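> My questions concern the predicted model and sequence given below.
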Amino acid sequence: KVAAKAGIEYMLSYMETLPTNEASTEARQILEAIEKSHGRMSRKLLSAIGRIGDNSLLEKAIQLVTPNCLGEFSSTICSILSAQSKACVLDDTVLDLLRACVKENTEKNMLNALKFVETAIATLCLHHGSPYSQVFVNSILESKPSILGSMQTTAIASVSSIFVTQDDTCLKRLVDIVIDEKFSKSRTKVVLEAFIAAGKVSNEQTHRLYRYYLERLEQDTVSLPEFSWCQPEARFIGSKAAAVNAFLHGPEEVRTFHGFNGIKHARNWVSKYFGSYNGTWSADATPGGIGSNAYVAVKKNKRYFKSIKKAYKADQAEKLRIVEIFEPGRTLKNEVAKRAAAKSAGNEELKKAKRGQHDDPIIID
């Protein structure tokens, strides 16, 4: 009952009215009750104990924080350490909590640890090479496969900003993770941007990362994609998936699908799977017919192709930008222009051949 939320709130209000020594006794009893009942520590209780100023109580309270809740306790813990200047006294206790958090090696726990380390660096004005940073960096490097690859780009950017303040060995291992695990362009970009922001443009590991990133960009900018109804990246998930994916991957513009038990069923199928663009395919669907003759006519639209074209142009611009940073003397614009001109000339020759106007001489035996 003492550990219940209502009980905690009551005890906190009561503690505020007590002298320090009595408040300390009451707080200790609450912590013992929480530990005995395997209850959950609250941020309000931790803050209240921090105001009491009893080091042994603070250690006990921090030890009762559940490791996978470290993220939500970050501000409270760091505020206590900062306001009461007890960083040195409580460092080992907090480090143990951080180690327990990263030990499970799950994305959720790593994000909790990341939030704490970022808060500690900002609140306590710690350098990035602090013990907190070291524990976090080592946990990323030791995870197999790296937990970094499963994180969103925003989290990867935050992790990278911590890594780039480490020594070259850590930098090399971070770049190894990016290359070995074949990070996507977007993930690679945020890591590279962290290196650039840290002023490491001339660093050997930065150039390794740059070459990998540039290679990924060049793979996607060999030539401007020509229009086609084929949508090779389509991943339709739902009923009739095999037939729909075969249609989306192929050159047909329209196909009619049957096998519905009525117009309502057909309409539900359209409502469930069509109408929004999911990034890998684009098509419109129209239900029709009645009873066992119900059908859905699926017609591809150009939204997918337009997105591919837009991505191509964005990659071209990004390639020019990044080359300008690392190879300012390289005339990439001329290379792109020559490639485009060569492709245009090739297309014109193909058109002439189709019209019977090819410039090559006709040889008659």
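Done, it's in.
> Please report the distance of the residue nearest to the spatial centre of the chain from Ser186.
Residue closest to the average C-alpha location in the chain (Cα atoms, centre = their mean): Gln152, at 0.9 Å. As judged by Cβ to Cβ, to the nearest Å, Gln152 and Ser186 stand 10 Å apart. C-beta coordinates here come from the backbone N, C-alpha and C atoms, glycine included.
> Also Glu327?
Distance from Glu327 to Ser186, by Cβ to Cβ: 22 Å.
> got it, and Thr221?
From Thr221 over to Ser186 (counting by Cβ to Cβ), the distance is 15 Å.
> Same drill for those two, tell me which one is more crowded.
Thr221 (19 against 11; other Cβ atoms under 10 Å).
> Show me where the stretch 1-150 of the chain dips below the pLDDT cut-off.
Scanning the stretch 1-150 of the chain for pLDDT under 70 picks out 1-18, 20, 84-88, 127-129.
> Please enumerate the strands of it.
Per DSSP state E, counting those that start in this stretch, the stretch 1-150 of the chain carries no strands over any range.
> Same check on the stretch 201-350 of the chain?
Ranges of strands in the stretch 201-350 of the chain, per DSSP E, counting those that start in this stretch, are 254-257, 283-288, 295-300.
> ok, and what's touching stretch 280-295?
231, 233-236, 248, 256-258, 260-263, 265-267, 269-270, 273-274, 296-304, 307 (Cβ atoms under 8 Å, 6 or more residues apart in numbering).
> Now, of these, which are buried?
Buried subset of those (neighbour count, 16 or more other Cβ atoms under 10 Å): 231, 234, 236, 248, 257, 260, 263, 266-267, 269-270, 273-274, 296-298, 300, 304.
> Looking at those, which are in helices?
Leu248, Ile263, Ala266, Arg267, Trp269, Val270, Tyr273, Tyr304 (DSSP state H).
> which residues touch the nearest residue to the first one once chain neighbours are set aside?
Spatially, and ignoring its direct neighbours in sequence, Leu248 is nearest to Ala234 (3.7 Å; Cβ to Cβ, 6 or more residues apart in numbering). If a contact means Cβ under 8 Å, 6+ apart, then Ala234 has Asn245, Leu248, His249, Thr280, Trp281 as its contacts.
> tally of neighbours for the third one?
Spelled out, that is His249. When counting by other Cβ under 10 Å, one arrives at 15 neighbours for His249.
> hang on, isn't it packed against Arg235?
No. Counting by Cβ atoms under 8 Å, His249 sits too far from Arg235 to count as a contact (10.1 Å).
> Quickly list what's touching both of these two.
By Cβ under 8 Å, 6+ apart, no residue touches both His249 and Arg235.
> how close does Gly238 get to Ile147?
Gly238 is 31 Å from Ile147, by Cβ to Cβ.
> of these two, who's got more company?
Each of Gly238 and Ile147 has its neighbours counted (other Cβ under 10 Å); Ile147 has more, 21 against 10.
> Could you report the neighbour count for the closest residue to the more buried one other than its chain neighbours?
With Cβ to Cβ, 6+ apart as the criterion, Ile147 has its nearest non-adjacent residue at 5.1 Å, and that residue is Met110. The tally of other residues near Met110 (other Cβ under 10 Å) stands at 23.
> measure Met110 to Asp284 for me?
42 Å.
> What of Gln166?
51 Å.
> and what of Ser160?
Distance, Ser160 to Asp284, by Cβ to Cβ: 41 Å.
> Looking at those two, which has the bigger crowd around it?
Shown here are Ser160 and Asp284; by other Cβ under 10 Å, Ser160 has more neighbours (21 against 14).
> check which helix or strand covers that one.
Using DSSP states H and E, Ser160 sits in helix 153-163.
> Convert the C-alpha atoms of the very next helix or strand once past that helix to CSV, please.
For helix 153-163, the following helix or strand on the C-terminal side (DSSP H and E) is helix 168-180. C-alpha atoms of helix 168-180 as CSV (Å, rounded to 0.1, in the frame of the first residue of the first chain):
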residue,chain,number,x,y,z
ASP,A,168,40.4,7.0,-34.1
THR,A,169,40.0,3.4,-33.0
CYS,A,170,36.3,4.1,-32.1
LEU,A,171,35.9,6.1,-35.3
LYS,A,172,37.3,3.2,-37.4
ARG,A,173,35.0,0.7,-35.7
LEU,A,174,32.0,2.9,-36.3
VAL,A,175,32.8,3.2,-40.0
ASP,A,176,33.3,-0.6,-40.1
ILE,A,177,29.8,-1.0,-38.8
VAL,A,178,28.4,1.3,-41.4
ILE,A,179,30.2,-0.4,-44.3
ASP,A,180,30.0,-4.1,-43.1
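> before we move on, the earlier item: which two among the ones in helices among the buried ones among the contacts of stretch 280-295 are spaced furthest apart?
Ile263 and Tyr304 (27.9 Å; Cβ to Cβ).
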